[in-house]
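A.B. asks: any chance you can model this:
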Amino acid sequence: MTREVSAKESKEAILRDGAFSALVGFVERGDFSPKDGSYFLGKIFEYYLHKLREAQTEVRRIDTVLQRMVQICESGKAQRPWQSRDPRVLQLAHEMTTFDGWVISLYETNLTMLGVGNPQRGREKVHEMARSMDALWAKREQELNVGLKAPELFKLA
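C.D. replies: This is a model prediction of the structure:
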């Protein structure tokens, strides 16, 4: 016999265990019927679909700003008379701010999707990224190489 699961209880379970694990638990304990489980599984996929469409929009915006940055940098390659406040530098700074905003928005979308599936992993990922970037920057400073790549410092899964 199924029981009424409150919205608060289901949200707590999702935030604690992840959406898929929480749903499996509700069905296995008999809180949800298999039919209800199937319905809610569809709702989870619908949620992910919404987040994926959000990510696609963010990627398009990232691509647009990257195109503008390429144009600025192509223009900036050409030598011009020195200006301490070169307008191309200001344009690039503005576009970098826009680029950063959309990348962070995409990263948040990624972490949200990751966290809905696996809350622990979603919370850990951002800290791993910070540690990896600190290690990369320290290595760049040590080797005096701003373009140094060290993919081994980053966990991909």
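A.B. asks: mind listing the helices in the protein by residue range?
C.D. replies: In the chain, the helices defined using DSSP state H lie at 7-17, 19-28, 34-77, 87-117, 119-143.
A.B. asks: okay, these, which one's buried deepest?
C.D. replies: helix 19-28 (a mean of 18; mean count of other Cβ atoms under 10 Å). In this view, the C-beta of every residue, glycine as well, is placed from N, C-alpha and C.
A.B. asks: chain center to that helix: distance?
C.D. replies: Here helix 19-28 shows a centroid-to-chain-centroid distance of 25 Å under the convention Cα atoms, centre = their mean, to the nearest Å.
A.B. asks: stretch 69-89 too?
C.D. replies: Relative to its parent chain, stretch 69-89 has a centroid offset of 31 Å by Cα atoms, centre = their mean.
A.B. asks: how long is it end to end?
C.D. replies: The stretch stretch 69-89 measures 11 Å between its terminal residues, going by Cα to Cα, to the nearest Å.
A.B. asks: give me the most central residue, this protein.
C.D. replies: A centroid search over the chain (Cα atoms, centre = their mean) returns residue 107, at 2.0 Å, as the residue closest to the centre.
A.B. asks: quick revisit: out of the helices of the chain, flag the one nearest residue 154.
C.D. replies: helix 119-143 (4.7 Å; Cβ to Cβ).
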